[in-house]
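In: Below is the sequence, then the predicted model.
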Amino acid sequence: MKFLLNIFEKKIKPNFEEGGKLKVLKPLYEAIENFAFSPAARTIQAPHGRDALDVKRYMTMVIIGLLPCTIAAFYFYGLRLLPMIIVSYAAGGAVEVLFACIRKEEIQEGFLVTGLIFPLVLPPTLPLWMVAVGVMFGVFVGKELFGGTGRNVFNPAIVGRVFLALAYPTAMTTWVATGKGLFGNMFKYVNAPPAAQAVEAAKKLGEVATETANASQAWYSDIIVDGVTSATPLGGADVSAVDMFFGNVSGSLGESSALMIIAGGVFLLMTRVSNWRTVVSILGSAAVMSFALNKSNPDEYMPALNSLLAGGLLFGAFFMATDPVSGPITNAGKYGYGILIGSLAILIRNFSAFPEGVMFAILLGNIVAPILDEIVFSIRFRRLRNEG
Amino acid sequence: MKFRGGYNITLQGRPSKKVKILPEPEALYLPLESKRFDFTSIYVEEGQKVDTGDVLAVDPGNYDVPLLSPRAGTVRLSSTEGHIVLEDISTVDDVPDYDKDSIPHIARQMGASGEMRHKLLALGAWQFFRDAYTNELPDPMGTPQAVIVSTLSLDPFTARGDVQFKNRLLQFTRGLEYLQSMLEYQPIYLVIPKSRTKFHDKVKDQIRGYAWVKLIEVPLEYTRTNFNILARNLGLKRADGPIWGVKAGGVLAVDRALTHTKTSLVRIVSIGGPGVKTPEHVKVMAGYPIARIREQYAREGQMRLINGGFFTGRMLGEDEIGLGVEIAGITIIPEHTEREFLGWLRPGFDRSSYSNAFLSTLRGKFAEKFTTTLRGEPRACVSCNFCEEVCPAGIMPHLIHKYLYSDMIEEADAARVDLCVECGLCSFVCPSKIELREEFIGAKVFIEEEKAEAEAQRIKQEEAVQKEQERRKESSEENLY
Ligand code: SF4
Ligand code: SF4
């Protein structure tokens, strides 16, 4: 690889240096160079060597943690996930690169995670342009406005998702049935169910678009299929806990299979990249809350186990609330944060017009996180005052 | 004793117990500056012949701590900047060059204890003492609230206590007795590792008879033996007076000075790290040419020599020619030269991490070949909280960093940046590669200066107010007449 490194350092780099033609794009070049080759930087002060973990690896771990439920999503909902991921990365990445170049700062790896998490929390047949709009909104409002990764108050993926839920409620609540059998929908491209397509089509100008779409559908008719509208457990469908555990249940792309979410989530906990305190307190408080509701009126509220497995609770707990930047940093704060999110999610689910309460709960949690931290800080300060 | 934070790395090249005597050099290059000392008053002249143990210079800012000549030789003052050079050196036996009449009045007043303390200062043993809180040289004539003796050094790598007093247990305990006799009733805490080796059992047996020595057993984890951390854990307050911290080598120096009236100019220093061919201990004196050590010990290729350990040591620069008087260990680490292709994607069997994000987690402890790579690019804090988890001082490095980043100095002060013991663990674990330790060292100095200035201002103002009052009083008295 010496050869390649040479090309990078001698041939390409000068273009991006001071006086080079492409100076504006320096952050992009640096990101690519340091992506391919570990950075050349040396320590200049003690400690003279550093821990092997860097932010790239950190984010890579999150992506590995997301792989099981990504694979599950392919199985249940088919190839359509692929363009969704690509669009999400491209649109989100464009915003990130643009801002890095404007600010003349490095490109932060955080968006690698946002780009993958975002499609996983969307309905399987959401139009691609909505994916693009959502992720751009999320990255711009949720992150860049605050000054980029590390300074953001909100989780960008959730901001994008909540924005879409408020702006396009129909599309965001169009669910399709999962694939079954050995390969599920793995080799199929599942389009929106006809009813939803009609709504979309009406919005579009003229018939032409639909006709071409129909024509192309005829071509690959065995690959491209229309989804069948289906209700989610939270939308009133009667689904057994076993089905929810393995994922045979309609919902957002990555949220189907509890098993896969737990597998990836526990991996992430074991790497210490995400913190168990948040996860345990979310799930614990949600369990307690739904258990209490179920006991008070078993006809109205679903059993605690179903409640834990349904919808995005597990996904939110393992992958979204654990985002360290938008959550509290102190360990004590994490307990409070988790309890708040867990119980709020159940309350919003059962007592509001939004059946999917987790996202709103995490958003609220994000707002409260700095306050929780402040409280912990002030307690710690008081304790530290008389030390030494 | 309940400890906070702490973390161990396993650096390749741990020095063996072997102690080697380095060959005599042709010349010694004694630096006039070291971490704590600044030997500005020079007592010798160009071309002067000196004997072993002669005073070459003293540090007037530090109770006139002497820079003693480790060998007989001819003084050259101007040949190397910042150094006193000794040429034509020869080993004349360590002549006790101690003059009883030179004892200053103040020491004399203190009786036997004062005489002993003066002897320690004059014979170079006092240099081994430091204040647990400030890390500065304590006042030799002062009264400490306690003495902490540590037999451990956990920063990889500095000279191991067990190597230093392996065969000198008797001298060590005698040194402790001397220390006790200089005190009134203050306790001496002896820090030994919480491990059951024969050697430590022997130490424990020896100490058992001394009621005034309080044994503290600590786990072998970096930074359990930091004097500051120990003092805080023992409940000793900074405001209650100085706390003397001294290591095994210092106790032996005390014994040597007070039993034999001899200087301790030859030290046992460790040479270790992944860049060392044969990691071991050496007997060496201040001024020993660093180039000779590099030649004999450093591996091929670009190597970084560090004065001290991996976590807190200081890079030995090009302009440093001889070893300083405070050297405890030399760590040699290869400079980072190779850029890995797709390094972040590697399974990482060969790299350990505080997190478990590498396959090395499955491997258990192994000696890792660290280089000087930063292993990443500086990023904004990702709030992973690792720094707080490892911090032995119980402060919140990420928060202080945020305060300093936005120039909120007062808040940083309230967050107790002054408690930072500069152990470097936070900088080590930070995935965002933020130079936390360095930031805090700067902030501590800045805050201390600000406070001193504010204090000076306050005194000035008070004086002005007083003068004003006096003037008014005078004038009103005048008016009466
Ligand atoms: S350098 Fe200071 S802040 Fe950092 S871990 Fe050590 S004591 Fe804590
Ligand atoms: S270790 Fe670094 S990235 Fe993590 S919280 Fe501390 S300062 Fe932030």
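Out: Sure, I can see it. Ligands and ions are numbered 1, 2, ... in the order given.

In: Which residues of chain B lie near ligand 2?
Out: B:381-387, B:397-398, B:401, B:429-432, B:434 (C-beta under 6 Å from any ligand atom). The C-beta positions use only the backbone N, C-alpha and C, and glycine is treated the same way.

In: of all the residues you listed, which comes closest to A:L53?
Out: A:L53 lies nearest to B:P431 out of these, by C-beta to C-beta, at 4.6 Å.

In: which ones are touching the closest one?
Out: Shown in contact with B:P431 (C-beta atoms under 8 Å, 6 or more residues apart in numbering or on different chains): A:51, A:53-55, A:57-58, B:355, B:376, B:379, B:382, B:384, B:386.

In: out of everything not next to it in sequence, what's closest to it?
Out: Distance criterion C-beta to C-beta, 6 or more residues apart in numbering or on different chains; nearest residue to B:P431, sequence neighbours excluded, is A:L53 at 4.6 Å.

In: my read: the one you found touches B:S352, true?
Out: No: applying C-beta atoms under 8 Å as the test, A:L53 and B:S352 come out as separate, 10.0 Å apart.

In: what's the helix or strand containing A:I85 in contact with?
Out: Taking DSSP states H and E as the criterion, A:I85 maps to helix A:81-103. The set of residues external to helix A:81-103 that reach it, using C-beta under 8 Å, 6+ apart, is A:24-28, A:31, A:70, A:73-74, A:106-108, A:111, A:114-116, A:118-119, A:122, A:124, A:126, A:128, A:131-133, A:135-136, A:138-140, A:144, A:148, A:156, A:253.

In: Need the overlap of contacts for A:L53 and B:S352.
Out: What both A:L53 and B:S352 touch, as defined by C-beta under 8 Å, 6+ apart, is the set B:F358.

In: Of the two, which one has the most company?
Out: A side-by-side neighbour count of A:L53 and B:S352, using other C-beta atoms under 10 Å in any protein chain shown, places A:L53 first with 31 against 24.

In: you'd agree that one is in a strand?
Out: No: A:L53 is assigned coil when assessed by DSSP: H, G, I helix; E, B strand; the rest coil, not a strand.

In: Distance check, it against B:F358.
Out: 8 Å (C-beta to C-beta, to the nearest Å).

In: And for B:A454?
Out: From B:A454 to B:F358 the distance is 48 Å (C-beta to C-beta).

In: what about stretch A:173-184, distance to the chain center?
Out: 21 Å (C-alpha atoms, centre = their mean, to the nearest Å).

In: May I see the buried residues of that stretch?
Out: A:173-179, A:184 (16 or more other C-beta atoms under 10 Å in any protein chain shown).

In: Now do it: distance from first to last residue.
Out: End-to-end distance of stretch A:173-184 (C-alpha to C-alpha, to the nearest Å): 22 Å.

In: ok, the closest residue to B:L77 other than its chain neighbours - how many residues close by?
Out: Spatial nearest neighbour of B:L77, excluding adjacent residues (C-beta to C-beta, 6+ apart): B:E46 at 4.8 Å. For B:E46, the tally of surrounding residues (other C-beta under 10 Å) stands at 10.

In: Wait, B:E46 touches B:I84, no?
Out: No: the pair formed by B:E46 and B:I84 falls short of the contact definition of C-beta under 8 Å, at 10.1 Å.
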